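> the sequence isn't on hand, but the structure is:
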């Protein structure tokens, strides 16, 4: 059971044709294609970000880390 198969795809197209009509199907196909393209672009951007934005190491002396006051963070009640 690794896929829908040809008969399943044909059945889905026929149901979509009955629900939306022949005039609306090309518009839905274009919208679906644009959505899929944007999703792939966003996924590729997320995968490429760590390579482009590598954090630079900043050396901080022990004195500088001790000088900063500790702030207690609490959630609003």
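Yep, it's here. Computed from a predicted structure; not experimentally measured. Numbering: from 1, shown residues only.

> contacts for the helix or strand that contains residue 7?
Counting by DSSP states H and E, the element that carries residue 7 is helix 6-20. For helix 6-20, contacts defined as CB atoms under 8 Å, 6 or more residues apart in numbering pick out 4, 25, 28. For glycine as for every other residue, the C-beta is placed from the backbone atoms N, C-alpha and C.

> check the last one and give its pLDDT.
The reference is to residue 28. With respect to pLDDT, residue 28 scores 85.

> contacting residues for it?
By CB under 8 Å, 6+ apart, the neighbours of residue 28 are 16, 20.

> next up, identify which helix or strand it is on.
helix 25-52.

> from residue 48, how far out is residue 34?
21 Å (CB to CB, to the nearest Å).

> returning to that earlier point: adding distance to residue 74, write the contacts of helix 6-20 out as JSON lines.
JSON lines is the format used below for the contacts of helix 6-20 (distance: CB to CB, whole Å):
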{"residue": "4", "distance to residue 74": "52"}
{"residue": "25", "distance to residue 74": "55"}
{"residue": "28", "distance to residue 74": "49"}
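
> helix/strand/coil for residue 74?
Here residue 74 takes the coil state, with states given by DSSP: H, G, I helix; E, B strand; the rest coil.
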